[in-house]
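Asks: only the shape, not the letters, is given here:
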């Protein structure tokens, strides 16, 4: 680290002093370059223009930034890979975006079966490093190839395997945290049992960066997963699919149990051409990674349950590559639906017995409000991701979509569910936090936040009970209870931005161009400037062109397992032709292979034939 003098490093009071205390190139102030760091994948239209973006590479550098922020009252927004879906890393006006993308170190200890990772390390990179030692890091969000460990810890991310293996907090043994007063604390350690003191490690997991800045994480690893056996089943109705989910989870614990509705199936089929059943109301993807022989038995039992619940087609395979192609299709669901238009993303979850009521209730909301809502779900644990499509050119449709957004959240709460299962509260769901938690629990959250961040402005977030720099005023949030007003009186309101101007549009500089305001969300941006072709954010600040970035990513994550070497959409396109070749002779186009058309794949007795 470059230091002009110790006093400047310990107590920088101006941005120039802070810049001189950090390595060259760490501080970005050019507006065009900072633009790549203003949004995460939620693309919050209220994103501010930061004072600076600071790319740190050590705990000491984080301390220096925290001291500067405390001395000047400047808010800090920590940022990992920018792949979040709730607006948690959205830039604050006049604040600092603290980018952790340079802190990518990974060390594997095969003896203790642990990994020490920097917050900027990608989930896929940790998986690959663990795989090279015959180990496995289970948490696997659908965006595992582009999301960071720091972001996963901040939101307690789940994923496709969490129905059996749990979520991020189940694999965090310890961490290093810089508090709002710049003190460094080390929590936990490489111990499987430790009940001395309060469980502070668990407190920081899921805190969305509001209690302190995590600069290192100690992760638990487990022996490598056995090759899974995969089942794909299509259903004629939503109820038959959710009834099958309930019957499966009542009697067994598959390693994966995923749900896609008709809108999602068709969007994924448009992108991959894998031969998915476009007429199915819903599709389940299940996996079992039990030992050889046992997996086939478990998948057979799951298939029997699906057939008992009116499945129109069931297809199973023990070919890892073929099974992975179906999993890739599920991981591509959000990008596939995103191609249909701008999105409002939900992350509601309910107890598994209420999954059917939630899914059918969302379908009712979709019909009543005349908006398209695609639903994907980690069905085995009740966590759903309704994706509400927006038409940026149709103000009336946007009004209906925002009403539906609130109604889905209200429905989940009525069913005893949560407003967010794994994406975090961020900025987009903050208006519903008080109603969901209740006044006593909300006040307890505020006490904890104030105890660790007394200024309450250094590290803003959804648990701050002040306004100003800390966050968007909940009462003026574009989604906040507008659905109640519109539902009650059936009126249509002309969109207004936060400044009160009608039309929901604001000027961009002096160019004469305009962009949608809070009531007209823009199509979501990609998570990285290089992927958007933003040339101004490349070069001296370390952002590479897209082809170079992909090559570097492949080298970084190139472990012993091919599944971590290519992006999901490339793997799906590569494998889809094989699925189609195996499906020759199928009785109807769009169906999976039958035993007659695919002699090397067994079809269980009792499966319906066409």
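Replies: Ah, there it is. Quick caveat: nothing in here was measured; it's all calculated off a predicted structure.
Asks: was I right to think residue 112 contacts residue 192?
Replies: No. The criterion here is C-beta atoms under 8 Å, and residue 112 misses it with residue 192 at 9.4 Å. The C-beta positions use only the backbone N, C-alpha and C, and glycine is treated the same way.
Asks: more neighbours: these two, which one.
Replies: Legend: neighbour count by other C-beta atoms under 10 Å for residue 112 and residue 192, higher for residue 112 (14 against 8).
Asks: quick one, what contacts that one?
Replies: residue 190 (C-beta atoms under 8 Å, 6 or more residues apart in numbering).
Asks: what bridges to residue 136?
Replies: In this structure, residue 136 bridges to residue 222 when assessed by DSSP bridges.
Asks: where does this structure dip in pLDDT?
Replies: Within the chain, the ranges that satisfy pLDDT under 70 run 1-10, 456-458, 465-610.
Asks: and the lengthiest helix in it, what's buried?
Replies: Using DSSP state H, we find that the single longest helix of the chain is helix 395-414. Residues 395, 397-413 are the ones in helix 395-414 that count as buried (16 or more other C-beta atoms under 10 Å).
Asks: just checking, what packs against that helix?
Replies: If contacts are counted by 3 or more C-beta pairs under 8 Å, 6 or more residues apart in numbering; DSSP states H and E, helix 395-414 sits against strand 342-345, helix 355-369, strand 383-390, helix 482-489.
Asks: can you lay out the ones you listed as CSV showing mean neighbour count and distance to residue 437?
Replies: Converted to CSV, the helices and strands packed on helix 395-414 look like this (neighbours: other C-beta atoms under 10 Å; distance: least, C-beta to C-beta, whole Å):
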stretch, mean neighbour count, distance to residue 437
strand 342-345, 22, 21
helix 355-369, 19, 20
strand 383-390, 25, 18
helix 482-489, 14, 19
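Asks: and these: which comes nearest residue 248?
Replies: Counting by C-beta to C-beta, residue 248 lies closest to helix 355-369 out of these; the figure is 11.4 Å.
Asks: and that closest one, how far out from the chain middle?
Replies: Remark: helix 355-369 is offset 23 Å from the chain centroid, using C-alpha atoms, centre = their mean, to the nearest Å.
Asks: show residues contacting it.
Replies: So helix 355-369 is in contact with 238-239, 242-243, 245-246, 259, 261, 348, 350, 372-373, 375, 377, 379, 382, 384, 386, 400-401, 403-404, 407-408, 411-412, 415, 417, going by C-beta under 8 Å, 6+ apart.
Asks: which parts of the stretch 201-350 of the chain are helices?
Replies: For the stretch 201-350 of the chain, the helices defined by DSSP state H, counting those that start in this stretch occupy 238-251, 262-272, 294-308, 320-331, 333-338.
Asks: reformat the ones you listed into a markdown table and put mean neighbour count next to each item.
Replies: Shown next, in a markdown table, are the helices of the stretch 201-350 of the chain (neighbours: other C-beta atoms under 10 Å):
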| stretch | mean neighbour count |
| --- | --- |
| helix 238-251 | 20 |
| helix 262-272 | 21 |
| helix 294-308 | 19 |
| helix 320-331 | 21 |
| helix 333-338 | 22 |
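Asks: ok, which of these comes nearest residue 219?
Replies: When those are compared by C-beta to C-beta, helix 320-331 sits nearest residue 219, at 21.5 Å.
Asks: just checking, what packs against the closest one?
Replies: Applying 3+ C-beta pairs under 8 Å, 6+ apart, one finds that helix 320-331 contacts strand 229-235, strand 256-261, helix 262-272, strand 282-288, helix 568-582.
Asks: follow-up on the earlier one: reformat the helices of the stretch 201-350 of the chain as TSV; add distance to residue 157.
Replies: TSV is the format used below for the helices of the stretch 201-350 of the chain (distance: least, C-beta to C-beta, whole Å):
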stretch	distance to residue 157
helix 238-251	21
helix 262-272	20
helix 294-308	26
helix 320-331	14
helix 333-338	14
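Asks: out of the ones you listed, flag the one nearest residue 87.
Replies: Among these, the nearest to residue 87 by C-beta to C-beta is helix 333-338 (15.5 Å).
Asks: list the helices and strands the closest one packs on?
Replies: Counting contacts by 3+ C-beta pairs under 8 Å, 6+ apart, helix 333-338 is packed against helix 262-272, strand 342-345, strand 373-378, strand 383-390.
Asks: what does the shortest one contact?
Replies: Read that as strand 342-345. With contacts defined as C-beta under 8 Å, 6+ apart, strand 342-345 is touched by 42, 85-86, 334, 337, 385, 387-392, 401-402, 405, 423, 428, 521-524.
Asks: quick one: it to chain centroid distance?
Replies: Centroid displacement of strand 342-345 relative to its chain, using C-alpha atoms, centre = their mean, is 13 Å.
Asks: over to the longest one?
Replies: The gap between the average C-alpha position of helix 262-272 and the chain average comes to 20 Å, counting by C-alpha atoms, centre = their mean.
Asks: that helix to helix 320-331, inter-axis angle?
Replies: 120 degrees (axes from the mean of the first three to the mean of the last three C-alpha atoms, to 10 degrees).
Asks: what does helix 262-272 contact?
Replies: Applying C-beta under 8 Å, 6+ apart, the external contacts of helix 262-272 come out as 260, 274-283, 328-330, 332-333, 335-337, 339-340, 372-376, 387, 569, 572-573, 576.
Asks: repeat for the third one
Replies: Strand 373-378 has contacts (C-beta under 8 Å, 6+ apart) with 158-160, 162-163, 257-261, 263-264, 267, 330, 333-334, 337, 355, 359, 362-363, 365-366, 383-389, 404, 408, 421.
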